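[1] would you be able to build a 3D model of this:
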Amino acid sequence: MTTAATATTPPQNSARSIAGIRAVLSSPLRWWLPLLLILIFFASRIPFLTELPLHNDEGLHLTRAVEVWNLHPFWEIGDGKIVNHLAIALFYPQNAPVFAGRIATIFISVLGLAAAFAIGRRLSGNTGGALVAILWICSPYIFFYERLAFSDAEAGALVVVAIAANLKLARSGALRDAVLTGFWLALAVLFKFTAAPYALSMLLITMLLPEYAMRRRLIMLMVIALTGIVMFVVPLAYLILRREPLFEIALGWIGVGSSQVQGAGLSGNITRFITLIATFGVPLWAVLTAVGLALLGIFRRKTGIILLAAALIPFLLTITLGREVLPRHFAAALPILVTLSGAGLSAVIIKLPTLPRRSLASGIAILLAVPFALFAITAYDAPQDLPLPLEIRAEHITDHSSGFGLRAAVFNFPRLVTEPDAVIIASMFPDSCRRANFEAAPGYEMICTAAPGIEAITQALEMHPAVYVLADTAPLIGADIPALASELGIMAEQIGVYPRPGELPENASVVLWKLSR
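    Numbering: from 1, shown residues only. Now for the predicted structure:
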């Protein structure tokens, strides 16, 4: 009896390699179609990449990326984002930091797009690959987070790569494919711990899809697990040697049924997820995603049901156990859901005759592309006007976590702060200050301190005749400068106001003051 471990002999491997080369050479569409889609992806993501001001968390990731160049590769990784800043560091964030941080996400995401195309093509041919890629590219939710220096979309893209590798392993039973599956899954988790539940995806696919012996499946599963463990050796050793906590922040995120953002538990988070995707641009992409997932289970039967379980069970686990499931966390789950949805839609389309098949596929592409193009143009030209869910709009446009107001203020420092060697104190959260300094002109960086920074302000006034203070959302975060000036018996001159979208100059959240003795 021939086992899966011995069925593939070297001569057969050579024959397969030759056949594969011939297939590539004889079918230009095999390569030109995915390359064209990747070019469209870059063309949609890169324009005006720095138009939206830096979010607080983006500033944190950039700070960590700079620390890599200071020989601190795992600086403050307790929140479970262990290597995403290493990708940013490759682009040297000291120069054009906003662009460097965000372009790293796009390059990681394109790996996921290529893997998604491969999954779609495997299930439904080139039609499947194309529909998967188009649905991915035209998803405004994914588009929004792929243009930020966040780790969620990166982790989601790498999960798709891991599942693509796992599907190849299910077909081949090769040790190399098991190692690659473990590598990509571990890398996704290293980018963000929210990818950890997708280890269940590897378990389901490895145990249920292959046709080779159960013993071989168990061996492949062990190889995947060992590869993942090896991937964590270096960051764990770094933390242990430096006597730092082992991911306490990330592990503290787990809290069954205790979402602090909206609702509680599984039902509340599902409702919240549906609300988010239904109000993120024109919801046609969300409707098609739901329909495609249902069709995958109907038309692909065993394979489709196993893949749906591999995508949905980790997602349900995340929103069940997550203490605080934020909108960006859903960006880690959407790439694989969109991938399987495109495969489900194409499973129906490829059953049609050639002309109706092409017409229907083209019609879906146009229906997705038109509202997406309008969404993208708004993101390029006026991101403050994007049709976003209220929660995301608050986080990225109107609240202190957004960079609106702060960026306008630091851009104006060279014009308003005229004294040589002037001191500028940031009366705001330290992360906000560091984020704003990435967009400040050289020589005009603020001194960062804990909010509201009153002690730093008074100390600076003892050493300098005049001190500039940029206050954010006083008195809730920043200092109440007129009250402080009255208390200290000094002069306070308001020299700049920077309203966020929806604010007026008289109630602007960000205000620049000049204090003098």
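[2] where along the stretch 101-250 of the chain do the helices fall?
    140-146, 152-172, 175-191, 199-208, 214-231, 233-241, 248-252 (DSSP state H, counting those that start in this stretch).
[3] I'd like those laid out as a markdown table, including mean neighbour count and distance to residue 73.
    In short, each C-beta sits where N, CA and C put it, glycine included. Output for the helices of the stretch 101-250 of the chain, formatted as a markdown table (neighbours: other C-beta atoms under 10 Å; distance: least, C-beta to C-beta, whole Å):
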| stretch | mean neighbour count | distance to residue 73 |
| --- | --- | --- |
| helix 140-146 | 25 | 24 |
| helix 152-172 | 26 | 17 |
| helix 175-191 | 23 | 12 |
| helix 199-208 | 20 | 25 |
| helix 214-231 | 17 | 15 |
| helix 233-241 | 13 | 7 |
| helix 248-252 | 14 | 17 |
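[4] SS state for the spatially closest residue to residue 402 that is not a sequence neighbour?
    Counting by C-beta to C-beta, 6 or more residues apart in numbering, residue 402 lies nearest to residue 396, which is 5.1 Å off, once chain neighbours are set aside. State at residue 396, reduced to three classes by DSSP: H, G, I helix; E, B strand; the rest coil: helix.
[5] quick one: residue 396 and residue 331, what's the gap?
    Remark: distance between residue 396 and residue 331 (C-beta to C-beta, to the nearest Å) = 13 Å.
[6] and the residue nearest to residue 402, how many neighbours?
    By the criterion of other C-beta atoms under 10 Å, residue 396 has 24 neighbours.
[7] quick one, what contacts it?
    Residues in contact with residue 396 (C-beta atoms under 8 Å, 6 or more residues apart in numbering) are 52, 55, 388, 402.
[8] can you give me phi and psi for residue 496?
    The phi and psi torsions at residue 496 (degrees, to the nearest 10) take the values phi -160, psi 130.
[9] do you know how far the nearest residue to it once chain neighbours are set aside is from residue 441?
    The shortest distance from residue 496 to any non-neighbouring residue, by C-beta to C-beta, 6+ apart, is to residue 512 (3.6 Å). Noted for residue 512: a distance of 14 Å to residue 441, by C-beta to C-beta.
[10] quick one: which of those two has more around it?
    Using other C-beta under 10 Å, the more surrounded residue of residue 512 and residue 441 is residue 512, with 22 against 12.
[11] how far does stretch 40-56 stretch from one end to the other?
    29 Å (C-alpha to C-alpha, to the nearest Å).
[12] okay, buried residues for stretch 409-423 please.
    409, 410, 412, 413, 417, 422, 423 (16 or more other C-beta atoms under 10 Å).
[13] the third one against residue 496, yeah?
    Yes - between residue 412 and residue 496 a contact is recorded at 5.9 Å, counting by C-beta atoms under 8 Å.
[14] what does whichever strand or helix holds residue 287 contact?
    According to DSSP states H and E, residue 287 maps onto helix 284-299. Outside helix 284-299, the residues within contact range by C-beta under 8 Å, 6+ apart are 135, 138-141, 277-278, 280, 304-305, 307-308, 337-338, 340-345, 347-348, 351, 364, 367-368, 371-372.
[15] one more pass at 6 Å, please.
    Under the criterion C-beta atoms under 6 Å, 6 or more residues apart in numbering, residues 138-139, 277, 304-305, 308, 338, 340-341, 343-345, 347-348, 368 lie in contact with helix 284-299.
[16] can you give me the domain boundaries for this structure?
    Listed domain ranges for the chain are 26-385, 406-516 (source: automatic domain parsing).
[17] ranking these by mean pLDDT, which is last?
    When these are compared by mean pLDDT, domain 26-385 comes last with a mean of 90.
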